[in-house]
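Trainee: predicted model, plus sequence, below.
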Amino acid sequence: MIVFRGPAEVPEGFGPSVVAIGKFDGVHAGHRVLLERAKVDAAERGAKVVAVTFDRNPLAVLRPERCPEDLVGITQKLRLLADTGIDAVMVLTFDDALAALGAREFVSDVLVAPLATCAVLVGNDFRFGRGGEGTPEVLADLGRTFGFDVDVVDDVRSIGEGRRVSSTWVRELLAVGDVETAAKLLGRPSAVWGEVVHGLKRGRELGFPTANLSPRLEGFVPADGVYAGWLVDEASGLRSGIRYPAAISVGTNPTFDDVAHRQVEAYVLDESALDLYGHDVEVQFVSRVRGMVAFSDIDALTRQMSDDVARVRQVLDAL
């Protein structure tokens, strides 16, 4: 998949393109329906499939006080989009200049001129252009002017309550530790990605050495607790990395009460000599084993950690 960091990077003669536009935060089931529709349309037209997205949530610039936490960082987003099989992604830097761009200028300068757009697919809540002046109806009018079709793709909804699949719903689930339901909406386990850094090494002292992720990780960290999951070592030299079963701790270590910020640390099962320092890893959350609690002494904590590892092994062995 080709990544363009703005219209200026698109080579002359690129296209024709079927374009799907959105924040694509999480690349969840609703996003994938949009992209699959784009792929089918592109096959019929003999065109490329391009996702147009942003380097940050536009609310981070327009209304920062209302901007939610991202489900994925830009590195994760690009990987997830690549996994869908599309041809290219254009990542737009959402700054004051882009926010001030009118709807017509957005279409001509971002979609038509660089990408030779022949069709655009958006969700029914799509807004674009200065002050949100662009709606799907405005986009359709501009499509008639510039010569491209517009397809407004319906939301993916649950059958029971009819709730729309959205990044908001996924965030709500992760905030209470329901990583299993979140995975159903995402189509994969929720995950965080970052570098393994040195911690207090307390886990090693207790017999459970952990890989601590840098606080500058990407991805939405679920509720405090202990999780069964996987650690994927991307420094293994393999394209998809090596996947290890792991017991994952999220929180501030209340037993010792000396960790200032929430941290993610993973104990890789049966690999006590594994050296991951400096490696970029992905930690995937499969199931929550328990919440985070403070223990009265070290012995109680160690006994609980042994029980946690046994339960994690059971969960992962059942998959």
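Mentor: Noted; the coordinates are in hand.

Trainee: what's the helix or strand harbouring Pro114 in contact with?
Mentor: In the assignment (DSSP states H and E), Pro114 maps to helix 113-115. Under the contact criterion C-beta atoms under 8 Å, 6 or more residues apart in numbering, helix 113-115 has outside partners Phe4, Pro7, Ala8, Val10, Phe14, Gly15, Ser17, Val19, Val50, Met90. (Glycine included, C-beta is placed from N, CA and C.)

Trainee: how about these in JSON lines, adding distance to Lys184 and secondary structure?
Mentor: What follows is the contacts of helix 113-115, written out as JSON lines (distance: C-beta to C-beta, whole Å; DSSP: H, G, I helix; E, B strand; the rest coil):
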{"residue": "Phe4", "distance to Lys184": "32", "secondary structure": "strand"}
{"residue": "Pro7", "distance to Lys184": "36", "secondary structure": "helix"}
{"residue": "Ala8", "distance to Lys184": "39", "secondary structure": "helix"}
{"residue": "Val10", "distance to Lys184": "36", "secondary structure": "coil"}
{"residue": "Phe14", "distance to Lys184": "36", "secondary structure": "coil"}
{"residue": "Gly15", "distance to Lys184": "36", "secondary structure": "coil"}
{"residue": "Ser17", "distance to Lys184": "32", "secondary structure": "strand"}
{"residue": "Val19", "distance to Lys184": "28", "secondary structure": "strand"}
{"residue": "Val50", "distance to Lys184": "28", "secondary structure": "strand"}
{"residue": "Met90", "distance to Lys184": "30", "secondary structure": "strand"}
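
Trainee: max pairwise distance over those residues: which two?
Mentor: Pairwise distances across the contacts of helix 113-115 peak at 16.8 Å for Ala8 and Val19 (criterion: C-beta to C-beta).

Trainee: quick one, which of those two is more surrounded?
Mentor: Taking neighbours as other C-beta atoms under 10 Å, Ala8 and Val19 compare with Val19 leading, 28 against 7.

Trainee: my guess is Ala175 contacts Val221. True?
Mentor: No - at 9.7 Å, Ala175 and Val221 do not qualify as touching, with contact defined as C-beta atoms under 8 Å.

Trainee: who has more neighbours, these two?
Mentor: Comparing Ala175 with Val221 by neighbour count (other C-beta under 10 Å), the higher total belongs to Val221, at 20 against 14.

Trainee: and the residue nearest the centre of this structure?
Mentor: Nearest residue to the geometric centre of the chain (C-alpha atoms, centre = their mean): Val72, 2.8 Å.

Trainee: from Ile248, how far out is that residue?
Mentor: Going from Val72 to Ile248 by C-beta to C-beta, to the nearest Å gives 17 Å.

Trainee: tell me which element the residue nearest to the centre of the chain falls in.
Mentor: Applying DSSP H and E, one finds Val72 in no helix or strand.

Trainee: and if you look at the one 3 residues further on?
Mentor: Under the criterion DSSP H and E, the helix or strand holding Thr75 is helix 74-83.

Trainee: who are the packing partners of that helix?
Mentor: Judged by 3 or more C-beta pairs under 8 Å, 6 or more residues apart in numbering; DSSP states H and E, the packing partners of helix 74-83 are strand 48-54, strand 88-92, strand 190-197.

Trainee: next, the buried residues of the shortest one.
Mentor: When neighbours are counted by 16 or more other C-beta atoms under 10 Å, the buried residues of strand 88-92 are found to be Ala88, Val89, Met90, Val91, Leu92.

Trainee: same question, the last one
Mentor: Judged by neighbour count (16+ other C-beta under 10 Å), strand 190-197 contains these buried residues: Ser190, Ala191, Val192, Trp193, Gly194, Glu195, Val196, Val197.
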